[in-house]
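Asks: 3D model of this:
(2 chains)
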Amino acid sequence: MHLALFFIFGGLAVLAALNLLLQRHPINSALSLVVVMMSLAVLYWSLGAEFLAAAQIIVYSGAVMVLFVFVIMLLNAGEEERTRGSKIASIAGFPGAAAIFCLLSFVFLSEGHKLGLSHLGGSLDEASSNISQISSLLFTDLLLPFEVTSVLILVAILGAVVLAKKER
Amino acid sequence: MHLSDFQLFVLITIIKIAVVLVITLTAVAYTVLLERKVIGRIQNRWGPSRVGPFGLLQPLADGIKLFLKEDLMPMSVERPLFVAAPVIALACALVSVAVVPFGQTFKIRGVDIFEVSNVNIGLLVILGITSIGVYGIALSGWSSNNKYSLMGSLRASSQVISYELALGLSLVGVVLRAGSLNLRDIVNSQIGHGFLSWNFFGGLQFVGFFIYIMAAYAETNRAPFDLPEAESELVAGYHTEYSSMKFAMFFMAEYANMLTVSCVATLLFFGGASSPFEGWIPAFGPTWLQAILPIFWFVAKVFSFLFLYIWVRATLPRFRYDQLMSFGWKFLLPLAMANILATSLVMALRS
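Replies: Modelled structure (predicted):
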């Protein structure tokens, strides 16, 4: 059951990511990205991380991507033209991407047990939720990174306000 | 015939989904009639009264009319998205009913029959599905290739994003008190002393409730926050170019969203399916009555929230756009944060 879900939504995520690159209209690309986010959420859920799945949907597909779509609609961006692409991109890009893919898969395959493993089905069968675990981790061991991230976001908001207020 | 546990589970679940879907759609149709009737009476006229006794068959006539109308497709629309938008809107509106527990726990062979699915993050599922529903509105306006539609959908998406924050934060107080995101647990945290143990009265969450109800009216694009379809400025807003069944789907999505909002308000602030005299009057009657009676209370509470929706629509004029934004960001959001602080402070002092 969980394996079937994994194959369906993993495949959907890959297909939508390819569609994101191949589509010529920005709105279609943005919508493919939404599909990627939602299939990732299903994968998180099938691994037993239901809070992460819900946060993924609410934050990424519900807020961030809506803003993307909003901006694309507001700017009335038209279809992109298809170009041949620069030579440097094809010379450096494809080997570079392949190298990163190899490196990442090597790290995950050889050092997987150090990063921590999760198995399909996870803790879904239990009636417990992992929210209390996440929050106690966030507010004890990971407090510094958590606070630094929020300050970072605050700085970004302040920057946006400064940019918007400039002309007056 | 002998069924295994899994087959039985699948069978009962499919039956539950079908029944809940039919009831939801009927409720949507009759909410439209209720709205027309109540607004009619408030404006000192009768409302629909010709089709059937007291106009009770009016939804049927409306449905037939919308089915049989010609399905127009303007020349320069973005075809796939134009078709997909109403489907997204309606699907998101209907799916969120699935996690609502509309009765007390009542198990037949290990399967709870008064709730389609008991998810341990039910509240977040509802919030997530609501936030996906924006795409229906946003895409409909953009793909229609019409400036009024585009303006309507831009207004709708900015309004929904802005009020989603206040909506989510207003519910944190309730979640803190229940200590769970499971809707069944939240309801169970409010039983014991009748209506005094509901979050609205005993939990002192009335500030949270009023923030929730205002943000939810904005979230469902209803009066007094119905700027996305302000007919005096934008023709009909995002669904200007839609006709026939596609228009009907937007219409149904709006009312199904109202229904979901009323269900969530009932569950979180008014004790869900529990009766206001719970714990004071001992349970009476046969088992089937004890199973049915909570559903009656749930329906009564949801009905009163739907009535409130209509009452508000008939009473209040529409906000201006800048008023809408400053109300959401400068009043509701800080108030919701203050509510969280106060609730957690009181809880910390009591424990």
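Asks: quick test: name the residue nearest the centre of chain A.
Replies: In chain A, the C-alpha nearest the mean C-alpha coordinate belongs to A:Met37, at 5.8 Å (CA atoms, centre = their mean).
Asks: for chain B, that is, sorry about that
Replies: B:Thr260 (2.2 Å).
Asks: can you say which helix or strand has that residue in it?
Replies: helix B:244-269 (DSSP states H and E).
Asks: for that helix, buried residues please.
Replies: Neighbour counts over helix B:244-269 (16 or more other CB atoms under 10 Å in any protein chain shown) mark B:244, B:246-269 as buried. Any C-beta I mention is one placed from the backbone N, CA and C, and that applies to glycine too.
Asks: what does stretch B:169-176 give?
Replies: Neighbour-count burial for stretch B:169-176 flags B:Leu169, B:Ser170, B:Leu171, B:Val172, B:Gly173, B:Val174, B:Val175 (criterion: 16+ other CB under 10 Å).
Asks: roughly how far out does it sit from the chain middle?
Replies: In terms of CA atoms, centre = their mean, to the nearest Å, the centre of stretch B:169-176 is set 18 Å apart from its chain centre.
Asks: can you pull the contacts of residue 92?
Replies: Defaulting to chain A. For A:Ala92, no contacting residues are found, by CB atoms under 8 Å, 6 or more residues apart in numbering or on different chains.
Asks: wrong one, I was asking about chain B
Replies: Residues near B:Cys92 by CB under 8 Å, 6+ apart: B:Ile129, B:Thr130, B:Ile132, B:Gly133, B:Gly136, B:Ala253.
Asks: what comes into contact with the least confident helix or strand in chain A by mean pLDDT?
Replies: Least confident helix or strand of chain A, by mean pLDDT, DSSP states H and E, is helix A:112-115 with a mean of 73. Outside of helix A:112-115, the residues within contact range by CB under 8 Å, 6+ apart are A:Phe108.
Asks: I'd say B:Ser49 and B:Gly55 touch.
Replies: Yes - with contact defined as CB atoms under 8 Å, B:Ser49 reaches B:Gly55; the gap is 4.5 Å.
Asks: looking at the residue nearest to the centre of chain A now. What's its pLDDT?
Replies: Note on A:Met37: pLDDT of 90.
Asks: equivalent analysis for A:Ala17, please.
Replies: In this prediction, A:Ala17 carries a pLDDT score of 90.
Asks: show me what contacts the residue of chain B found nearest chain A?
Replies: At 2.8 Å from chain A, B:Ser131 is the closest residue in chain B, using CB to the nearest CB. Counting by CB under 8 Å, 6+ apart, B:Ser131 makes contact with A:Ile57, A:Ile58, A:Ser61, A:Gly62, A:Ala63, A:Val66, B:Val160, B:Glu164.
Asks: rerun at 7 Å
Replies: For B:Ser131, the contact set (CB atoms under 7 Å, 6 or more residues apart in numbering or on different chains) comprises A:Ile58, A:Gly62, A:Ala63, B:Glu164.
Asks: where does B:Val299 fall, secondary structure wise?
Replies: Per DSSP H and E: B:Val299 is located in helix B:287-315.
Asks: for that helix, buried residues please.
Replies: Under the neighbour-count criterion of 16+ other CB under 10 Å, helix B:287-315 has B:291, B:293-294, B:297-299, B:301-302, B:305-306, B:309-310, B:312-313 buried.
Asks: same check on stretch B:97-107?
Replies: Result for stretch B:97-107 [16+ other CB under 10 Å]: buried residues B:Val97, B:Ala98, B:Val99, B:Val100, B:Pro101, B:Phe102, B:Gly103, B:Gln104, B:Thr105, B:Phe106.
Asks: do it and chain A meet at all?
Replies: No - shown here: stretch B:97-107 not in contact with chain A (CB under 7 Å from any CB of the partner chain), separated by at least 11.5 Å.
Asks: for the stretch 151-300 of chain B, which spans come out with low pLDDT?
Replies: Across the stretch 151-300 of chain B, the ranges flagged by pLDDT under 70 are B:230-231.
Asks: chain A contacts on that one?
Replies: Counting by CB under 7 Å from any CB, the stretch 151-300 of chain B comes close to chain A at B:Leu154, B:Ser157, B:Ser158, B:Ile161, B:Leu181.
Asks: could you redo the last one with a cut-off of 8 Å?
Replies: Contact residues (CB under 8 Å from any CB of the partner chain) of the stretch 151-300 of chain B with chain A: B:Ser153, B:Leu154, B:Ser157, B:Ser158, B:Val160, B:Ile161, B:Glu164, B:Gly168, B:Ser180, B:Leu181, B:Asn182.
Asks: thinking A:Ala53 is in contact with A:Met38, fair?
Replies: No - judged on CB under 8 Å, A:Ala53 makes no contact with A:Met38 at a distance of 9.4 Å.
Asks: just give the closest residue to B:Leu94, not the sequence neighbours.
Replies: Using CB to CB, 6 or more residues apart in numbering or on different chains and skipping residues adjacent in sequence, the residue nearest B:Leu94 is B:Ala256, 5.6 Å away.
Asks: could I get the contacting residues of that neighbour?
Replies: Residues near B:Ala256 by CB under 8 Å, 6+ apart: B:Thr24, B:Val28, B:Leu90, B:Ala93, B:Leu94, B:Val97.
Asks: hang on, B:Ala85 packs against B:Ser143?
Replies: Yes - contact criterion CB under 8 Å: B:Ala85 and B:Ser143 qualify, at 6.3 Å.
Asks: in terms of neighbours, single out the busier of these two.
Replies: More crowded of B:Ala85 and B:Ser143, by other CB atoms under 10 Å in any protein chain shown: B:Ala85, with 28 against 23.
Asks: so which helix or strand takes in that one?
Replies: Under the criterion of DSSP H and E, B:Ala85 resides in helix B:79-95.
Asks: buried residues in that helix, which are they?
Replies: Under the neighbour-count criterion of 16+ other CB under 10 Å, helix B:79-95 has B:Leu81, B:Phe82, B:Ala84, B:Ala85, B:Pro86, B:Ile88, B:Ala89, B:Leu90, B:Cys92, B:Ala93, B:Leu94, B:Val95 buried.
Asks: then stretch B:341-351?
Replies: For stretch B:341-351, the neighbour count (16+ other CB under 10 Å) marks B:Thr343 as buried.
Asks: contacts for that stretch, please.
Replies: Contacts to stretch B:341-351, defined as CB under 8 Å, 6+ apart, come from residues B:Val172, B:Gly173, B:Leu176, B:Arg177, B:Leu204, B:Gln205, B:Val207, B:Gly208.
Asks: and the next helix or strand past the least confident helix or strand of chain A?
Replies: With secondary structure assigned by DSSP H and E, helix A:112-115 is succeeded by helix A:131-139.
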